[in-house]
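> Here is my input, please return the structure:
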Amino acid sequence: MEQAEIEGRTPRKRRAILAAATEVFLSHGYLGASMDEVAAKAGVSKQTVYKQFENKERLFAEIVLGTSDQLLDGLQQAYVDTLEGAADAREALRALAHRLLQSLTADSVLQLRRLVIAEADRFPEVCGAWFNSGFEKSLDALGQALSRLSDRGLLRELDDPTLAAYQFAGLVMYKPMNRAMFAGTRQRPKPGELEKLADQAAEVFLAAYGLERSAR
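From the prediction side, this is the model:
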């Protein structure tokens, strides 16, 4: 077997292991996850899993930190798609709220959030980094995007843009996120509930930060 073929198989095996481990950890939690099951789902030997990731803790860290990067990229793209170049603050914020609800209430995101919360005391550095480099960094980016709306005369001047971003995210996500954390991901919103929540979040946010011409 040529060296190039061997080297090409290694990244594929690594991706397969990460995909399998993500499924196993989300399904069973850290303590319930089995390296044997990860290997079986990935179609590799357990020795290969350990060769790639050293131990279960390292594999967990790789999954958590890797998904943090994906989360950040997705949220930043949502800000660009909905807020950059917007001409109407109400419509832009509604569009963003709808986008956030659709992406952040996905089963995989909710399961990952629950996993990170459950293991925060066991792995404070890894789970803290997931928050800092994912949600917190994304809210800093949202604050900057809101500031640009303010600079264009679509919102009032923001004394603390990041705080405004946290407030907007809280209005949008608090109810569905907490319900999913306590009641489980199978407890789905009623038809039309997320749409109504997104619209109302935009209205409440504009009551605090909108211009007079933005109010009805």
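
> Please, where are all the helices along this structure?
3-32, 35-42, 46-53, 56-83, 89-104, 107-118, 124-130, 137-151, 161-183, 193-209 (DSSP state H).

> Does residue 133 touch residue 69 like I think?
Yes. Judged on Cβ atoms under 8 Å, residue 133 makes contact with residue 69 at a distance of 7.3 Å. C-betas here are computed from N, CA, C, even on glycine.

> looking at the helices of the chain, which one has the lowest mean pLDDT?
Looking at the helices of the chain, the lowest mean pLDDT belongs to helix 3-32 (a mean of 81).

> now that one and helix 46-53, what's the angle there?
Taking axes from the mean of the first three to the mean of the last three Cα atoms, to 10 degrees, one finds helix 3-32 and helix 46-53 inclined to each other by 90 degrees.

> tell me which strands and helices helix 3-32 is in contact with?
Packing partners of helix 3-32 (3 or more Cβ pairs under 8 Å, 6 or more residues apart in numbering; DSSP states H and E): helix 35-42, helix 46-53, helix 56-83, helix 107-118.

> Turn these into JSON lines, including distance to residue 157 and mean neighbour count.
Shown next, in JSON lines, are the helices and strands packed on helix 3-32 (distance: least, Cβ to Cβ, whole Å; neighbours: other Cβ atoms under 10 Å):
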{"stretch": "helix 35-42", "distance to residue 157": "51", "mean neighbour count": "18"}
{"stretch": "helix 46-53", "distance to residue 157": "49", "mean neighbour count": "16"}
{"stretch": "helix 56-83", "distance to residue 157": "17", "mean neighbour count": "18"}
{"stretch": "helix 107-118", "distance to residue 157": "33", "mean neighbour count": "18"}
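
> Can you lay out those helices as a markdown table showing distance to residue 189?
Rendered in a markdown table, the data for those read as follows (distance: least, Cβ to Cβ, whole Å):
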| stretch | distance to residue 189 |
| --- | --- |
| helix 35-42 | 30 |
| helix 46-53 | 36 |
| helix 56-83 | 19 |
| helix 107-118 | 12 |
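
> quick one: which of the ones you listed is nearest residue 149?
helix 56-83 (6.2 Å; Cβ to Cβ).

> other SSEs contacting that closest one?
Checking 3+ Cβ pairs under 8 Å, 6+ apart, helix 56-83 ends up next to helix 3-32, helix 35-42, helix 46-53, helix 89-104, helix 107-118, helix 124-130, helix 137-151.

> closest one to residue 182 among the ones you listed?
Of all these, helix 107-118 comes closest under Cβ to Cβ, at 9.8 Å.

> what sits up against the closest one?
The contact list for helix 107-118, computed with Cβ atoms under 8 Å, 6 or more residues apart in numbering, reads 25-26, 29-30, 64, 67, 71, 103-104, 127, 130-131, 177, 180-181, 185.

> Would you mind listing which of the residues you listed are buried?
Buried by 16 or more other Cβ atoms under 10 Å: 25-26, 30, 64, 67, 71, 104, 127, 130, 177, 180, 185, out of these.

> And these, which two are furthest apart?
30 and 104, at 22.2 Å, using Cβ to Cβ across the buried ones among the contacts of helix 107-118.

> Nice, that's everything, thank you.
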